[in-house]
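Asks: any chance you could fold what I've pasted below:
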Amino acid sequence: MTEILDIEERISLAIKIGESHYREFKSAFEGPSGGKRPRDPKAVMADVGRTLVSFANADGGELLVGVEDDGTVTGIPHDEAIVAAILAADTSYVHGDTPLAAPRKRAVRIDGQTVAYFSVSKGTRYVHLTSDGRCLRRVDRESLPYSSERIAADRLEDQSRTWDREPAHGATVDDLDLDLVQSVAAQIAYGISVEKCLQYLDLAEFTAEGMRLKRAAVLLFAKDVRRWHPGCFVRVMTVQGKEKRSGEGYNIKKDEVVSGNILRLVDSSWERLTHALSTHTQLTESARFQTTLMFPQIAVREALMNAIVHRNYAIEGRGMEVTIYQDRMEILSPGMLLSTISLGDIKNLKGVHESRNPVIARVLREVGLIRELGEGMRRMFNVMRSSALAEPEIESDTVGFNVTLYHKSLYDPSVKLWLSTFDRYKLPENQVAIIALGYGGKEFSTQDIIDRLGIIDIDQLQQAITPLRKYGLLERTKTHAQAYRYAEMHRIPKREVPTYRVLEAAVARPQPAVSDADVTIEEAARLHRLFVANIPYELTKGDLVAFLSPWCDVRSVDLPSGMVQYGSSNRGFAFTTVAYNGDIGRLVSKLDGTPLQGRRVHVARYRDPGAA
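Replies: This next block holds a predicted model:
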């Protein structure tokens, strides 16, 4: 037996439950307690229009006019004509261009009083406005002003979360590029049929009418994807200059559109993009031509794949856009960032992810075009950093999600000038990035190095810092025991303890002591750091090189500056890096106490305070 909830029971239950995100009570009276008087009917009708619009722009809801906030039924103290006008407010006080979708409404007698009841569903066709053009949305128990663009974007997000799993009406297996499907099937399980491959990848399902393809299937494999999705394309524009201009100053050199199903689009758009980004092609030592891009190849690839995989395909009228300027590249994909992911978490490289198109993402992961979700952005940031280029800029708004890669240095001019003092060592970019952490005498931690280089494997960390320590460019400022105590005192992980600094001597711009300053990792094994004290205050670097050269190969001399006004050009001591194949202990013993310009110098091996 079916029980029907009649309107009177519905209203009684609503009053009993009280106001909420989905329910609003409006009084038809105004004034202080004990002196209530009927409200202006036009004000009541305006309230009806505003409330219904806010419900329709949110999740729908019901409105009771003639009920106080506490649930007391006071009714509408007006004649039938006014009550009829209030019931018509769902049209008269709602903008004519954004009508509500047939709300339920009725005047009902409750406890001997007339109550006007309205119920409106969530709008899907329009962003609704009041008759005076206001856009409102229900937020908790209030009707608040809201951006119409944001409402539209939220609705698109809701649609996008299920879009790739919905049926592709009218599409059949014959509409697919079967050779492409078969090639994917061969990668997953050799010999599997096209039909079984589609089912396994959740791209199709059998129904009483036969196999039914999902939208993801036609996006990935359609012969003519524009028939099913006109926005499945990448537009590549090359701009001459740093900004777009129009009219007589029009400066777009190239404007090309690459379209195709997603699997074809990945390759074709990448080919077009690498061509547009090419700066020059040169013949390498291996007799092969190599193209140089404006940006690191991995970073560009990750930005492009992110746009293709995570764009909002529910927006069918727009494609992805890549704009290449003189100093940067912008990749814009339709659809703002999902509301469950914050820009801050992405910028902080937390690896957060949620796939807007889970079926599409799964297929691309199965065939190896993408790796783990959430790693692409992190990889892009790390590659740009390790290439000493400025970090990517990411933005999300109602227009879409935009990634900008800049063709400019990661470091400001003062840091770049300071880093140039290390040019003689011919350090790779990852080691330069470590040195940059010590600008201005700053101490930094193992975690700082990991974050800067995007290191996951600890072996990579050791490979980066060991040569720097052997060169004498990097030293520990705390022993392991001191670092543990510091970590306990400040309640932080040990690897976040500042334990490294770039040696002061390197900051003083040491000049090459010998012509061969190009030290390799293999050569670093025979490098030694020496401490030389009790040297004459007027001694120069050249004098010290001349003193040591008969015994060993001097690689650098770090001679801290003294007080010139007191006739001291140095501080009476120096640090040197030497290359020596023999027993360094015996050499130190020979040098210790040797006369130098009237003084007997003290020579000892310099040991890193934090060395094991």
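Asks: from here on, just use CA atoms for contacts and neighbour counts.
Replies: Fine.
Asks: give me the pLDDT for the residue nearest to residue 235 when sequence neighbours are not counted.
Replies: Sequence neighbours aside, residue 257 is the residue nearest to residue 235 in space, at 4.3 Å (criterion: Cα to Cα, 6 or more residues apart in numbering). The model reports residue 257 with a pLDDT of 95.
Asks: give the contact list for residue 428.
Replies: The contact partners of residue 428, by Cα atoms under 8 Å, 6 or more residues apart in numbering, come to none.
Asks: tell me how many other residues surround the residue nearest to residue 235.
Replies: Neighbourhood size, residue 257 [other Cα atoms under 10 Å]: 15.
Asks: can you tell me the SS state at it?
Replies: With DSSP: H, G, I helix; E, B strand; the rest coil as the basis, the three-state label of residue 257 is strand.
Asks: for it, give me its contacts.
Replies: By Cα under 8 Å, 6+ apart, the contact set of residue 257 is 233-236.
Asks: filter these down to the ones in strands?
Replies: In strands, defined here by DSSP state E, the members of these are 233-236.
Asks: neighbour-wise, which one of these leads?
Replies: Among those, residue 234 has the most neighbours (other Cα under 10 Å), with 29 neighbours.
Asks: relative to residue 323, how far out is that residue?
Replies: Residue 234 sits 11 Å away from residue 323, going by Cα to Cα, to the nearest Å.
Asks: again with residue 306
Replies: Distance, residue 306 to residue 323, by Cα to Cα: 16 Å.
Asks: repeat for residue 606
Replies: 54 Å.
Asks: out of the two, which sits in the more crowded spot?
Replies: With other Cα under 10 Å as the criterion, residue 606 and residue 323 differ in neighbour count, and residue 323 comes out ahead with 21 against 15.
Asks: name the helix or strand for the residue most central in space within the chain, please.
Replies: The centroid of the chain falls nearest to residue 346 when counting by Cα atoms, centre = their mean (3.7 Å). Element membership for residue 346 (DSSP states H and E) is helix 343-347.
Asks: thinking again about what came up before, with distance to residue 16 and pLDDT added, can I get the contacts of residue 257 in JSON lines?
Replies: Below are the contacts of residue 257 laid out as JSON lines (distance: Cα to Cα, whole Å; pLDDT from 0 to 100):
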{"residue": "233", "distance to residue 16": "54", "pLDDT": "96"}
{"residue": "234", "distance to residue 16": "55", "pLDDT": "96"}
{"residue": "235", "distance to residue 16": "57", "pLDDT": "95"}
{"residue": "236", "distance to residue 16": "60", "pLDDT": "94"}
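Asks: return the closest of these with respect to residue 444.
Replies: residue 236 (41.6 Å; Cα to Cα).
Asks: distance of the residue lying closest to the closest one once chain neighbours are set aside relative to residue 134?
Replies: With Cα to Cα, 6+ apart as the criterion, residue 236 has its nearest non-adjacent residue at 4.8 Å, and that residue is residue 322. From residue 322 across to residue 134, the span is 36 Å (Cα to Cα).
Asks: more neighbours, the two?
Replies: Higher neighbour count among residue 322 and residue 134: residue 322, with 25 against 18, using other Cα under 10 Å.
Asks: so what's that one up against?
Replies: Contacts of residue 322 by Cα under 8 Å, 6+ apart are 234-237, 329-332.
Asks: can you tell me the helix or strand for it?
Replies: Applying DSSP H and E as the criterion places residue 322 in strand 320-324.
Asks: beyond that strand, next helix or strand please.
Replies: Per DSSP H and E, the first helix or strand lying C-terminal to strand 320-324 is strand 328-334.
Asks: quick check: buried residues in that following strand?
Replies: Judged by neighbour count (16 or more other Cα atoms under 10 Å), strand 328-334 contains these buried residues: 328-334.
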